[in-house]
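Trainee: here is my input, please return the structure:
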Amino acid sequence: MNRVSTNSSDTASLAFLNASGEMAERTRAFDWSSTSVGSIDRWPQSLRTSVSILLRSRFPMFIWWGEDLVQFYNDAYRPSLGNNGKHPNALGQPGKDCWPEIWPVIYPLIRQVLDGGMATWSEDQLIPIYRNGQLEDVYWTFSYSAIIDEAGAIGGVLVVCYENTEKMVHYKKLAESENLLSFAIEATDLATWDYNPLTNKFTSNGRLKRWFGLNPADQIDLPDAIAAMIESDRDRVMKAIQWALRYESGGFYDITYTIVNKITGESRIVRAKGRAWFNDEKIAYRFNGTLQDITEQEQARLTLEQAEQRAWLEQKQFAEELTRQVKERTLQLQRSNEDLMQFAHVITHDLKEPVRKIKIFSSRIKEETIGAMPEKTDLFLGKIKNAADRMSDMIEGVLNYSSLGATEGGFTDVDLNEVFHDIRTDLDVLLQQKTATLVYEKLPTVKGAPILIYQLFYNLVNNSLKFVRQGIPPVIIIKSTFIRENDAELAEITVSDNGIGFDQDQALNIFNSFTRLNSKDVYEGTGLGLALCKKIVERHGGTILATGVPNQGASITIRLPQTRPSQTLLRRGLDDAHPPA
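Mentor: Numbering: from 1, shown residues only. Here you go, the predicted model:
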């Protein structure tokens, strides 16, 4: 804690301390009689002069005086002490008490000056000190010099110093950046070059010299670089260089050519990329860049081009056959809608009928042979019926999935509140059987084909009712919001449940056709439901994604083009927003 002098005899001696500034004020107010230097009126002239110089200097200075090495410092030195650190207690404090963290480092230097008077000099020296509430790495450039008293002895040590921590940190970062750049250049096998158009001086790294067939110590000139190019490329490259050195080019340079090693004769195809730099007079003063060996890539490209040429010749030989096939396929495309309808007819009548008969006759066998057939036979008949049921569901799924390809146009405004109202009506029995809760409110209106939009959300709700956890009533929540994506306004609808969920690693696979993540013996289904949903969403220009957590639930998020928030609930009230009774 600073001490204020109350000795009136000090006042007459303050004339030499009439310097301005915070440290001058603190020095005048300090109770020096409590230190080994004594009150100001007892100071030797050498100390008064030294302190007066210190306080008036704008260069960082510090004094240790006497056997206790009592401390003085000026305003320029004070910032190096930091905040919540040694200032202001360092004033008048013995050096050993002030600098315990670095005393073993600096005391030998002080002792050297005190013992022999030989000044010290240290540059960019790392000496960590405690300041700003912590031990910080601080770099200093400083000199310790002897202060001679009236008796010709060494009375103290003058420190002239400045902190250059910021500079050294910058140098370290610069060195690290240069090391990273060198590593990147070496890692990518790049040759580098730097040309000064004003002096015609050309420099490069060792890799470029090796490519040219030169020794690392050899001087390289621009003509050497030009001479290393194959003759057919030289004129083209020179024109590119001349253009890059013109201000209107922007300085950009990017060209591919071939060089030859003058010793080994090895040729390389290289890509030169660089830039010219211009002064205020629009004159290029520097032109530098890199050279990349792209021989393998170019050879691969040529091989590919040759393969493509051979393929083109082969295709040309079969041109007539291809033309015939194109015409035939064109006719097939024209009949695609009719074929699709015929396919649907086959599915609904020809394929369903055999499945229906399997189910009927297996049931009759079971009914007519109750108690007369082995127990295993009854089990087998049950399996036949289950397989037939799954086959029937699969036929329906394939029919719905294939019919999407023929659905075009017919887009209109579709109110999703009405869609979910119809879904809840259609699934009312299943919702009651499973004691399920279906919640939605204030859903938007989207552009789409009404029947497909209904099928999309019906499948999602039905899916949530299918994959439920044992003993836990299903809760299905539909929420919506509006987002902007690529300057388009989209409706984002999320269908969430508390079912069995899934591993997020399977988030993309669940939209594949016939993909099942769960046993078909435990959970019914064909594996086409979500694939159908994906196809519907894509047909409407939207996106669909799934998120899930095993045994916690799943969410399906759909983004569709929308027209406006729906007003249906405002007209109809909030009845549809409540769970079914």
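
Trainee: does residue 446 have beta-bridge partners, and which?
Mentor: Residue 446 has the following beta-bridge partners by DSSP bridges: residue 414, residue 562.

Trainee: show me what contacts it?
Mentor: Contacts for residue 446 (Cβ atoms under 8 Å, 6 or more residues apart in numbering) come out as 413-414, 416, 453, 491, 540, 560-563. Where you see a C-beta, it was placed from the backbone N, CA and C, and this is true even at glycine.

Trainee: now, among these, which is nearest to residue 443?
Mentor: residue 416 (3.8 Å; Cβ to Cβ).

Trainee: point out where the stretch 251-400 of the chain drops to low pLDDT.
Mentor: Judged by pLDDT under 70, the stretch 251-400 of the chain has its weakly predicted residues at 326, 329-353, 371, 386-387, 389-391, 393-400.

Trainee: show me the strands in it, by range?
Mentor: 252-260, 267-278, 284-293 (DSSP state E, counting those that start in this stretch).

Trainee: quick one: which of those strands is nearest residue 123?
Mentor: Evaluated over the strands of the stretch 251-400 of the chain, closeness to residue 123 peaks at strand 284-293, with 31.7 Å, by Cβ to Cβ.

Trainee: who's in contact with the closest one?
Mentor: 185, 188-198, 208, 211, 241, 244-247, 251, 253, 268-279.

Trainee: off-centre distance for it?
Mentor: Relative to the chain's own centre, strand 284-293 is displaced by 30 Å; criterion: Cα atoms, centre = their mean, to the nearest Å.

Trainee: please name the residues that touch residue 251.
Mentor: By Cβ under 8 Å, 6+ apart, the contact set of residue 251 is 244-245, 275-278, 284, 287.

Trainee: again with residue 196
Mentor: 202, 285-287.

Trainee: of all these, which two lie farthest apart?
Mentor: 202 and 285 (14.1 Å).

Trainee: neighbour-wise, which of the two wins?
Mentor: The neighbour comparison of residue 202 against residue 285 (other Cβ atoms under 10 Å) goes to residue 202, with 18 against 13.

Trainee: three-state assignment of the more buried one?
Mentor: strand (DSSP: H, G, I helix; E, B strand; the rest coil).

Trainee: where's the closest residue to residue 502 other than its chain neighbours, which helix or strand?
Mentor: Take residue 502 and drop its neighbours on the chain: the residue closest to it by Cβ to Cβ, 6 or more residues apart in numbering is residue 548, 4.0 Å away. Counting by DSSP states H and E, the element that carries residue 548 is strand 543-549.

Trainee: quick one: list the elements packing against that strand.
Mentor: helix 529-539, strand 553-565 (3 or more Cβ pairs under 8 Å, 6 or more residues apart in numbering; DSSP states H and E).

Trainee: residue 151: which of those is closest?
Mentor: Closest of the helices and strands packed on strand 543-549 to residue 151 is strand 553-565, at 89.7 Å (criterion: Cβ to Cβ).

Trainee: show the buried residues in the contacts of strand 284-293.
Mentor: Buried members of the contacts of strand 284-293, counted by 16 or more other Cβ atoms under 10 Å: 190-193, 195, 197, 208, 211, 241, 244-245, 251, 253, 268-270, 272, 274-276, 278.

Trainee: what ranges does the stretch 151-300 of the chain have for its helices?
Mentor: All helices of the stretch 151-300 of the chain, identified by DSSP state H, counting those that start in this stretch, fall at 165-187, 206-212, 222-227, 231-244, 295-317.

Trainee: returning to what we had before: tabulate the contacts of residue 196 (CSV), appending distance to residue 502.
Mentor: Shown next, in CSV, are the contacts of residue 196 (distance: Cβ to Cβ, whole Å):
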residue, distance to residue 502
202, 63
285, 63
286, 59
287, 59
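
Trainee: next structured bit after the one helix or strand residue 112 maps to?
Mentor: Per DSSP H and E, residue 112 falls inside helix 103-116. Sequence order places strand 122-126 as the next helix or strand after helix 103-116, per DSSP H and E.

Trainee: need the contact partners of that next one.
Mentor: Contacts of strand 122-126 (Cβ under 8 Å, 6+ apart): 109, 137-143, 164, 168.

Trainee: please indicate which of those are buried?
Mentor: Buried members of the contacts of strand 122-126, scored by 16+ other Cβ under 10 Å, are 109, 138-142, 164, 168.
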